[in-house]
Every structure is written in C-alpha cells, then in structure tokens.
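# sequence first, predicted coordinates after that:
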Amino acid sequence: MAKESFDKEIQFLRMLVLTSGAYSRQQFAERLGISIHTFDKTLRRLKDIVTTVHQQVPEIQGKEFAETMRYSYYDSTDPMLLFLFRAKSLKESESRRISTLLAAMNEKALTAMELLEACSNGLSIESALPDEKTIRTDLKYLEEVGVIKKESGPRPYRYRIHNDLVRELTHDELIDLYGFIDVMANTLVPSVQGYLLRDGLKKFISRDSDPSASIKPYLYKYHYYSRILDEAHLFTLTAAIQNRRRVQFLYFSPKNSQSYSSKNTNPLFEREMEGKLENTLPLKVVYDHQYGRWYLLSYNARHGIKKYRMEGITQLEETEPVEADLFNKKLKELEDKIQYSWLIDTGRPITLKVRFFNPDASQPNFIKERVLLQGQWGRITEENEESFVYEITVNGTTEIKPWIRSFGSSCEVLEPKYFREEMIAEWKEIGAYYESVRENI
C-alpha cells in the first residue's frame, strides 16, 4: 500500500468512526480535502480489504461500510480498524508468496530450492513467479522477525516454522496464554502488535485443537479503540528519537476544517492545503489514557518546544540527524518544562488543594484508593474519618480539571480561589441543564 494512500485511509477510518457514518459523501470529501471521485475510490478500496482480510463475510457482505464498522465493533471482539495494518504490512504479491512459503514449511523443514519449487507449483499463473534470490530474501526476512528457524546441519540449510513454544503448550495453557495476550492488547499501548499476536495464536488454537472448544471473548473493550490508527506513526517517531533525527510531516490541527490533503500531481487540480508543513526534532511521545490520544513533543528552531496531536500528522518521514549535545540539551529543557505536567502542559506551576469525602464508613474507601492510584505525585496532607485533603503542584489546571470533575460531589476544590470559583461556575452551568420536567407528560 502506498504511503500516501495509507495516510488517507487512516484519516478516512478515523472520521468514519467518530461520525458513525453521519456525514454525506460531499461532507466527507470536503473534510478530507479530496474529491468525491477519490472518496468513492477509497471506499471501494477499503471494502476490498475488508473482504480479503475477513473471510467470514456473509453478515457484512452487501452492507454499507459504516454499518460494517458499527457491526464489527459492538458485536465482535476483533478491532475492525486493525484490518488496515494487515493490508499495509505486505504487498499483495508478497502476501501470496509468503503465505505459500509458510504453508509449505508448516509440514516439514525445506531448503530454499524446495521452497522455490513449492512457490512455482502453488502460485497461480497470473502471479509473477519468484526467482531464487527473492525466495532467499523472503527467508532472511522471516528468520529476522522470528517466524521461521534455520535448522542446524550441513548445507543446504533447511527452514521450518518457529513455533516451538506453542507446540510445547497444552490446550489449556494455550487458552490461558490467549487470554493474557487479549487482556494486555486491550489495556496497554501500543496494542497493534498484541492484537496481531493474539489473532495468530487464535488461528493456531482453532487449527490444532478440537473445533468445538471455543475461545470465550472478553467483554471488556477500551473506549477509544481508534487510538490504534496513530500507532502507524508511533514506531517511525520512536526510531527518530532513538537515532536523534529530525522529522518532516504535514500537520492538521484539530481546529482545522480539514484533516487530510491529497498530493495533486496535475497542476490543473492543485488546491491550497490547510495543513502546515513541519520540520521538527522529536523528543518524546506521550499517551493520554483519559482521551485516548497520542502526542508528539518536539523542538522547533523557530517556536521552541511544540506539541502535536498525532492524529493530525500525515506524510511523516525522517530527515537529517542532529548532534547528541543538541538533542540532550533540548530533551533536558523539555523534561524541566513538563516536570509538573499532569500530562503535557508547560504552563506556570500552581499548587492545588482538594478535599475528597469518604464514602460510607461500612464500605471500602474506593475514593481514597482511586486518588492514591491515579494522583501521580500528589500527596494527602490531612485526613479524618469524613474526608482527606490532597495537594499537588501542576502546570496549570486545564489537564487535571477533568480528573477532579470526574469525582462529582465526592470532592471540593479548596485552593487556589480562582480555580474554586471556576469549578463552581461550571457546576452551576451543568445544573442549569437539568431543569424540572413535567411529570404528567
């Protein structure tokens, strides 16, 4: 899949998830900054990928794509958006060839020439037949990623599927391993690799075990499941940070009316892009569990420390490296600025004082447990049977406010005064929404 195409389909799917298919074709195209023709072509492409990746299509075949998305998320344990990563991982010709190689090695260990013969016999006439160099390149790639293993012995070397671990486990142990991977993929980030590992294990269990033994799905789902779309950029950015390299990308702020802009090679159809071309030095990637968002914190020569929402990044690529001294200096500057950030705020540090009220004395004190678990570096300074006072120094109140507000009537802001008044005003506004309702309607 072309790099630009992948960016476009990521933004397409994100908007489809957020709007639940409520946009018209024209609204979709305008928001994405593409033509209606490109919109229709992208939709057909995504439908083809769904049909290819999900073989069990009786329920979804013939439905609108938005209906497919809703069906799959609410009625299935598989994250529908993951299919795009499967489609991106390999070209269609590579996917067919590697599938044929793995199927051949699943039976017994084979040499490169035997695998070449298996590919020649297994692939259709329409497919381009590989040569020995291509097969050896595929074997090297599969060995590097741990899918196959080279057996010891004289030349010519024989290769086999590297699945010793799962073959040594009993059926019950495989089910336990599947459950562990499933929980971790749904609760930790990044998750894409965990989902792919889970699906591979699921296929192995279904193939080598009693078909009647079903894998019971977990009912838990992470609310912001579209977060996995941003993982397409995650490893490029972390690699750039490790290698101290600048990156360049076209950025669309959440305030923009567009979230994507296509590259138009025909000058007659050029349009002004709303995105901004950024050249910056990535320093840190931060994930916000509360809203399911990824953030890039970086250094820009003109603006200093800058923050980007990763969902607005398109056309990402690495550029030139920088000196270690410069990178370490800017990283230290960033660390100093976010020392008291609840998440990524770099504003002026202030000290908050909040009183939390204990629940019924006969019940476990879940309020205190939650504050101790989620309260980061804050501390309890006063405590009695009815309540306790929690203090924390943070960069501004914007990021911590939703957390405090989530406790409802179980907490009261004491200091600073302006923040207390701000919270009072917000609660009055919320209370005004709940006017009395006639009971005789």
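Received it, and whenever you're ready, just let me know what you need.
# how about the strands in the protein?
Residue ranges of the strands in the chain, as given by DSSP state E, are 148-150, 159-161, 245-251, 276-288, 293-300, 304-309, 313-321, 349-357, 379-383, 387-395, 411-415.
# tell me which of the ones you listed sits nearest to Val192.
With distances scored as CB to CB, the stretch of those nearest to Val192 is strand 293-300 (12.4 Å). The C-beta positions use only the backbone N, C-alpha and C, and glycine is treated the same way.
# mind listing what the closest one pairs with, with the direction of each?
With DSSP bridges as the test, strand 293-300 is paired with strand 276-288 (antiparallel), strand 304-309 (antiparallel).
# how about a markdown table for those, with mean neighbour count added?
Below are the strands paired with strand 293-300 laid out as a markdown table (neighbours: other CB atoms under 10 Å):
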| stretch | mean neighbour count |
| --- | --- |
| strand 276-288 | 18 |
| strand 304-309 | 17 |
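# figure out which of those strands is closest to Lys140.
strand 276-288 (30.1 Å).
# related to what we said a few turns ago, let me know which of the strands of the chain is tucked in deepest.
Among these, judged by mean count of other CB atoms under 10 Å, the one packed with the most neighbours on average is strand 293-300 (a mean of 21).
# using PDB, write down the CA coordinates of that one.
Below are the C-alpha coordinates for strand 293-300, written out as PDB (Å, rounded to 0.1, in the frame of the first residue of the first chain):
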ATOM      1  CA  ARG A 293      -4.800  10.400  22.300                       C
ATOM      2  CA  TRP A 294      -1.100  10.300  21.300                       C
ATOM      3  CA  TYR A 295       1.000  13.400  21.500                       C
ATOM      4  CA  LEU A 296       4.400  14.200  20.000                       C
ATOM      5  CA  LEU A 297       6.600  16.700  22.000                       C
ATOM      6  CA  SER A 298       9.400  18.100  19.900                       C
ATOM      7  CA  TYR A 299      11.800  21.000  19.400                       C
ATOM      8  CA  ASN A 300      11.300  23.600  16.600                       C
END
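# the inter-axis angle of it versus strand 245-251?
Angle of strand 293-300 versus strand 245-251, following axes from the mean of the first three to the mean of the last three CA atoms, to 10 degrees, is 120 degrees.
# one step back: tabulate the strands of the chain (CSV), appending distance to Asp172 and mean pLDDT.
Written out in CSV, the entries for those read as follows (distance: least, CB to CB, whole Å; pLDDT from 0 to 100):
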stretch, distance to Asp172, mean pLDDT
strand 148-150, 26, 87
strand 159-161, 22, 87
strand 245-251, 46, 92
strand 276-288, 34, 92
strand 293-300, 37, 92
strand 304-309, 44, 92
strand 313-321, 44, 90
strand 349-357, 44, 95
strand 379-383, 44, 92
strand 387-395, 45, 94
strand 411-415, 45, 94
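# out of the ones you listed, which comes closest to Ala109?
Short answer: strand 159-161, nearest of these by CB to CB, at 3.9 Å.
# any idea how many residues pack against the nearest residue to Leu101 once chain neighbours are set aside?
Closest residue to Leu101 apart from its sequence neighbours, by CB to CB, 6 or more residues apart in numbering: Leu115 at 5.6 Å. By other CB atoms under 10 Å, 25 other residues sit near Leu115.
# residue numbering should commence at 507 henceforth.
Fine by me, first position is 507 from now on; the one you just mentioned is Leu621.
# so who does Leu621 touch?
If a contact means CB atoms under 8 Å, 6 or more residues apart in numbering, then Leu621 has 607, 610-611, 641, 645, 665 as its contacts.
# so which of the residues you listed are in helices?
Counting by DSSP state H, these place 607, 610-611, 641, 645 in helices.
# what is the neighbour count of the nearest residue to Ala738 once chain neighbours are set aside?
Of all residues beyond its chain neighbours, the one nearest Ala738 is Ile516 (6.0 Å), with distances taken as CB to CB, 6+ apart. Ile516: 24 surrounding residues under other CB under 10 Å.
# I'd like the distance between Ile516 and Trp883.
Between Ile516 and Trp883 the distance, using CB to CB, to the nearest Å, works out to 35 Å.
# my guess is Glu892 meets Asp866, correct?
No - with the criterion set as CB atoms under 8 Å, Glu892 and Asp866 do not qualify as a contacting pair; they are 11.2 Å apart.
# specify the beta-bridge partners of the closest residue to Gly781 other than its chain neighbours.
Sequence neighbours aside, Leu756 is the residue nearest to Gly781 in space, at 4.3 Å (criterion: CB to CB, 6+ apart). Beta-bridge partners recorded for Leu756 (DSSP bridges): Leu783, Thr820.
# just checking, Leu756 touches Tyr814?
No - applying CB under 8 Å as the test, Leu756 and Tyr814 come out as separate, 11.3 Å apart.
# need the residues touching each of the two.
By CB under 8 Å, 6+ apart, Leu756 and Tyr814 have these common neighbours: Glu784.
# tell me the pLDDT of Gln764.
Predicted confidence (pLDDT) at Gln764: the value is 69.
# sorry, slip of the keys, the one I care about is Gln880.
At Gln880, the predicted lDDT confidence score is 92.
# format the strands of the chain as CSV; extra columns: distance to Leu683.
Conversion of these to CSV gives the following (distance: least, CB to CB, whole Å):
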stretch, distance to Leu683
strand 654-656, 20
strand 665-667, 17
strand 751-757, 37
strand 782-794, 26
strand 799-806, 28
strand 810-815, 35
strand 819-827, 34
strand 855-863, 40
strand 885-889, 40
strand 893-901, 40
strand 917-921, 41
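# out of those, which gets nearest to Ser541?
Of all the strands of the chain, it is strand 819-827 that lies closest to Ser541, at 17.1 Å by CB to CB.
# which helices and strands does the closest one pack with?
Contact partners of strand 819-827 among helices and strands, from 3 or more CB pairs under 8 Å, 6 or more residues apart in numbering; DSSP states H and E: helix 509-525, helix 737-748, strand 751-757.
# kindly export the last one (C-alpha atoms) in PDB.
This means strand 751-757. Output for strand 751-757, consisting of C-alpha atoms alone and laid out as PDB, is shown next (Å, rounded to 0.1, in the frame of the first residue of the first chain):
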ATOM      1  CA  ARG A 751      16.900  12.600  13.700                       C
ATOM      2  CA  ARG A 752      14.500  15.300  12.600                       C
ATOM      3  CA  VAL A 753      11.200  14.500  11.000                       C
ATOM      4  CA  GLN A 754       9.000  16.300   8.500                       C
ATOM      5  CA  PHE A 755       5.300  16.000   8.200                       C
ATOM      6  CA  LEU A 756       2.200  17.800   7.100                       C
ATOM      7  CA  TYR A 757       0.200  18.700  10.200                       C
END
